[in-house]
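S.K.: sequence first, predicted model second:
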Amino acid sequence: MANTTTVAATALRQFVFFDVHPVKDIHDLASSPEIFKNASEISTIVSSSAGLLAADIHGSVHILNKEFVSKTSWVAHMGGRVMHMAERKGVLVTIGEEDAVRGSLLKIWDLEKMDPRTQAPVLLRSSKIQPSNKPHPVSCFALSSTLSFLAIGLADGTVLLYRHLDQSLSSASSLTALPKTRTIHESSPEPITGLGFRELPSPTNADAKDNNLHLFIVTTNSVYLYHVSGKGSGGSSVLLDDIGCGLGCAVMDWRAEKIVLARDEAVYAYGLQGREPPYAYEGYKSSIHTHLNYVIVVSPPTTVATTSSAARKLGTQAAGGDSDASRVTVFDMENKVVGYTGMFAEGIKGVISEWGNIYILTNGGQLTRLAEKSIRVCRQAGYFDHASYLAKRYKRHEDYLRVMIEDAGKYGEALTYLRHLGAVAAESNLARYGRAMLDNLPEETTQLLIDLCTISGPLTIPEAEDTSPQQSSTPAASAPSYLSYLALSRAPAAEDKADESKADEEEDLTEPQETQPSAPTPSKEKRPSPTLYFAHFVDHPSYFVRFLESVAARRWGQSLSSLPSSLPNVSSDEDEDSEKRNQAAVWNTLLELYLDGGSPEQQDKALKVLTSDSLPCDKTHALILCSSYSYTRGLVILWEKLGMYEDVLRFWMDKHNASPSESSASTEVVQALVRYGPTHPHLYELVLRFLTSTPELLTRHQADVEKILEHIEKERTIPPLGVVQILSRNGVASVGLVKNWLMGRIKEAREEVQTDQQLINSYRLETNAKLKQVAELEDPMHAKVFSVTRCSQCSGQLDLPSVHFMCNHSYHQRCLLDHETECPLCVRQHGVIQEIRRNNERMADQHELFLADVQDNGFKAVASGFGKGVLNITRLDDVAV
């Protein structure tokens with residue numbers, strides 16, 4: 001039902017809340033960004049999560065970075081132009097024209113996936129927009145924040161609705177597969193000039209009880225509301241008002257709750273209940289935009305009285321050429337003020353809200369940035385309560401904390417605010433203000449940091465910290481409007497003050513103020529790395545220890561006790577490698593804090609960290625720390641864990657050399673040898689040299705030296721000559737110390753020499769016999785007599801025919817195989833010898849194996865190789881068999 005109630009327009013007061021800065025090209029500071037130099041070719045510009053999106057009349061789309069340089073571009077509509085764009089959740093929807101297609105074409109792109117063949121975003125869907133046989137141009141369109149619904153308005157007054165668009169994109173269907181369109185509104189011949197989804201309410205919205213999705217429909221003469229989803233949806237559109245606006249003069253507000261219309265006589269806002277009090281701003285208006293809580297109106301400086309009603313119809317953007325000057329006015333409609341007014345002689349091509357600023361693009365290609373300072377004005381004037389009120393209301397978290405901490409010094413309220421922000425927003429702000437918070441509220445700040453690093457999701461709010469906003473940063477309701485305190489314009493008259501108070505009271509009744517920043521809706525958030533906050537604890541070591549121990553126990557279930565104090569709060573979103581680095585950083589820092597403390601309790605904790613096999617402490621880093629703090633027990637433990645047993649022995653040796661009168665260090669050397677010696681035999685030589693280095697050591701550890709010699713003799717770890725060289729290098733060890741050991745070794749050596757001599761004699765006799773046999777075989781004058789009477793194969797009595805071999809073996813002819821020319825018994829023996837020779841030949845060519853054997857066995861390997869003929873072997877091919 002139309003709302004025809006006449007409501008008096010609210011007057012707007014003017015301030016200067018924005019600074020003006022020209023934007024220059026990153027490579028040419030004398031000109032505007034390169035992409036905007038031909039502004040006439042830019043068809044539309046929208047903001048997105050991927051960056052600023054700019055489309056041109058040639059069908060191309062560019063993704064711009066903060067320097068307005070194109071980082072990605074592609075042709076979205078071949079041989080045509082892009083007319084409309086919108087992006088949600090990394091998905092871009094474009095509507096344009098192409099030469100080969102009659103009518104408008106809808107395309108959907110995935111900005112997060114690139115086609116490796118074309119280096120362009122992946123095209124998900126492409127479909128023609130044609131509800132009837134007579135195609136009409138698309139005048140406007142709207143896309144819901146969840147990507148579930150897409151509404152398209154046509155110039156003939158028709159509105160098309162796509163339902164469940166997100167679900168259709170998730171399925172692997174054909175390129176043209178889109179949900180079936182439904183015509184939800186027809187208002188011919190009035191064209192559709194504006195569309196906007198009234199999104200599902202958040203807890204801070206005024207209409208929080210209405211959990212339905214609605215669509216505002218604006219024509220040149222009317223405003224309608226269509227129930228999109230929820231109970232009672234699917235009916236006809238409902239008329240809200242019988243006044244409309246021109247094309248480009250309707251936009252949703254920053255909360256997506258109301259639609260704002262710009263008409264020549266005033267600016268109107270419509271909610272679910274109809275028209276709200278208008279805002280008096282007379283003058284011709286060509287377009288309207290939003291930036292956070294601000295509404296931006298673009299209008300040329302024409303006189304209202306000369307403006308006809310026809311000029312307010314479709315196509316008001318076309319009015320005025322490139323030479324027409326345009327005025328840009330920035331409103332804060334909730335506080336009923338004008339924050340900026342500026343003239344642009346070349347006319348306005350587009351208004352962009354991106355990266356927290358307003359950008360104005362003129363028809364001549366000049367780009368201007370409007371940087372907001374409203375909160376800065378309040379701070380400079382000393383009105384910190386008002387500045388914090390503005391920052392909290394419009395969710396300027398950094399500005400709020402800057403006011404509360406740097407200006408007002410209200411650390412408790414800032415801490416509570418940080419808890420309400422959630423992990424993502426609190427992370428960056430605590431990185432800036434963490435040290436100041438710890439200096440003033442160490443206990444509470446430490447607990448907040450612990451919760452921030454260990455809880456995945458919204459942080460709990462302790463009752464003690466939950467302060468009322470009425471006591472903190474919201475001005476008293478009975479006081480005049482906070483802007484009246486600013487000494488930036490004339491003092492308001494008494495009538496103005498009364499109007500202001502009345503308007504403020506109405507606003508308080510119709511729109512509840514936001515009391516706390518709402519926590520992010522996702523149930524799981526990626527927890528920040530605890531290393532971000534290490535530097536803040538530089539002056540608070542005790543709280544630092546508590547922070548690190550709590551994070552390790554609650555985040556990973558790691559503690560110095562045998563069992564964790566609590567189950568770890570595991571998050572699947574976190575990178576495993578990153579978590580391992582964080583764990584090592586936490587325990588490395590804890591170890592340093594324990595060693596720096598110096599108390600017996602902290603020394604015990606440090607020892608537990610070093611002896612634990614489950615705590616991820618970096619051993620090399622720990623070794624440096626223990627060396628820096630001269631922590632002997634820790635050094636020994638780490639050397640043992642790293643297998644640096646020789647370093648343990650040398651450490652105690654050096655300590656003894658520093659204090660020779662103390663016996664504890666030399667005793668530690670002997671005990672370490674007992675522990676490590678059986679698996680590391682080379683340590684015995686080192687300790688033997690040490691114990692025989694001075695007469696005092698030898699006297700004190702004579703029994704230990706004898707045990708070492710017994711072990712050397714048993715395990716053969718050092719040759720006798722080596723032991724003699726060690727003991728004779730100085731005059732400390734006497735012959736009597738090793739007399740019995742030497743006599744035993746000499747006796748063994750003599751017995752070994754005697755055994756070797758016997759073997760040599762036997763080898764010589766055998767060699768001489770073989771040489772004699774060879775000589776007889778080679779002598780042609782020497783007759784060979786065969787006196788064997790039995791067959792060597794079957795042991796039977798020899799009879800004719802029989803075969804005799806020169807090796808003195810005889811066989812029945814029947815016992816030999818056909819054509820067998822060698823003695824069956826001897827050929828096997830000769831085969832073994834030949835195989836040994838072949839192996840030796842192969843070994844002669846494998847120098848790496850021989851050198852490795854020499855490194856392990858020394859001269860023994862050389863002698864063995866020489867004996868086998870490896871060093872000067874004769875090839876079998878050169879030997880006559």
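M.R.: Here it is on my side, so go on.
S.K.: what about residue 136, how many neighbours?
M.R.: Here the number of neighbours of residue 136 (other CB atoms under 10 Å) works out to 20. All C-beta atoms are positioned from the backbone trio N, CA, C, and that covers glycine.
S.K.: which SSE is it in?
M.R.: For residue 136, there is no host helix or strand (DSSP states H and E).
S.K.: for it, give me its contacts.
M.R.: 154, 155, 156, 158 (CB atoms under 8 Å, 6 or more residues apart in numbering).
S.K.: ok, the spatially closest residue to the second one that is not a sequence neighbour - contacts?
M.R.: In space, and not counting its chain neighbours, residue 155 is closest to residue 191: 4.4 Å by CB to CB, 6 or more residues apart in numbering. Contacts of residue 191 were listed using CB under 8 Å, 6+ apart, and they are 139, 153, 154, 155, 156, 157, 219, 220, 247, 314.
S.K.: distance check, residue 33 against residue 367.
M.R.: Relative to residue 367, residue 33 is positioned 6 Å away (CB to CB, to the nearest Å).
S.K.: where does pLDDT dip in the chain?
M.R.: 1-12, 201-210, 301-324, 460-525, 562-574, 735, 869-881 (pLDDT under 70).
S.K.: on that earlier part again, hey, what's in contact with both of residue 33 and residue 367?
M.R.: Joint contacts of residue 33 and residue 367 (CB under 8 Å, 6+ apart) are 23, 68.
S.K.: look through the chain and tell me its longest strand.
M.R.: Selection of the longest strand in the chain by residue count, based on DSSP state E, yields strand 104-115.
S.K.: can you list the strands that it pairs with?
M.R.: strand 91-97 (antiparallel), strand 120-129 (antiparallel) (DSSP bridges).
S.K.: which strands and helices sit next to the longest helix seen in the chain?
M.R.: The longest helix of the chain (DSSP state H) is helix 739-778. When contacts are defined as 3 or more CB pairs under 8 Å, 6 or more residues apart in numbering; DSSP states H and E, helix 739-778 packs onto helix 702-715, helix 720-727.
S.K.: just how off-centre is it within its chain?
M.R.: Centroid separation for helix 739-778 versus its chain: 75 Å, with CA atoms, centre = their mean, to the nearest Å.
S.K.: again, but for stretch 793-801
M.R.: For stretch 793-801, the distance to the chain centre is 91 Å (CA atoms, centre = their mean).
S.K.: and residue 129, how far is that from residue 136?
M.R.: 9 Å.
S.K.: all strands for the stretch 201-350 of the chain, in order.
M.R.: Here the stretch 201-350 of the chain has its strands, by DSSP state E, counting those that start in this stretch, at 213-219, 223-229, 238-241, 250-252, 259-262, 266-271, 274-275, 279-280, 287-291, 294-299, 326-332, 337-344, 348-354.
S.K.: deepest of these, which one?
M.R.: strand 259-262 (a mean of 28; mean count of other CB atoms under 10 Å).
S.K.: which neighbours does that strand have in its sheet, and in what orientation?
M.R.: Short version: by DSSP bridges, strand 259-262 pairs with strand 250-252 (antiparallel), strand 266-271 (antiparallel).
S.K.: and the shortest one, how far from the chain's centre?
M.R.: For strand 250-252, the distance between its averaged C-alpha position and the chain's averaged C-alpha position is 38 Å (CA atoms, centre = their mean).
S.K.: which other residues reach it?
M.R.: Applying CB under 8 Å, 6+ apart, the set of residues contacting strand 250-252 is 193-198, 216, 218, 258-262, 288-290, 295.
S.K.: measure how the longest helix of the chain sits relative to helix 720-727, angle-wise.
M.R.: Per axes from the mean of the first three to the mean of the last three CA atoms, to 10 degrees, the angle that helix 739-778 makes with helix 720-727 is 150 degrees.
S.K.: follow-up on the earlier one: now render the strands paired with strand 259-262 as JSON lines, adding distance to residue 174.
M.R.: Output for the strands paired with strand 259-262, formatted as JSON lines (distance: least, CB to CB, whole Å):
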{"stretch": "strand 250-252", "distance to residue 174": "33"}
{"stretch": "strand 266-271", "distance to residue 174": "40"}
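S.K.: which one of the ones you listed lies closest to residue 45?
M.R.: Residue 45 lies closest to strand 250-252 among those, at 14.4 Å (CB to CB).
S.K.: buried set for the strand or helix carrying residue 432?
M.R.: According to DSSP H and E, residue 432 maps onto helix 423-440. For helix 423-440, burial by neighbour count (16 or more other CB atoms under 10 Å) applies to 423, 425-427, 429-430, 433-438, 440.
S.K.: ok but residue 176 is inside a helix, no?
M.R.: No: Residue 176 is assigned coil when assessed by DSSP: H, G, I helix; E, B strand; the rest coil, not a helix.
S.K.: what is the burial count for it?
M.R.: 10.
S.K.: from residue 61, how far out is it?
M.R.: Counting by CB to CB, the gap from residue 176 to residue 61 is 20 Å.
S.K.: residue 442 too?
M.R.: 52 Å.
S.K.: tell me which residue is most central in this structure.
M.R.: Nearest residue to the geometric centre of the chain (CA atoms, centre = their mean): residue 575, 6.7 Å.
S.K.: quick check: it vs residue 527, distance?
M.R.: Taken as CB to CB, the span from residue 575 to residue 527 is 11 Å.
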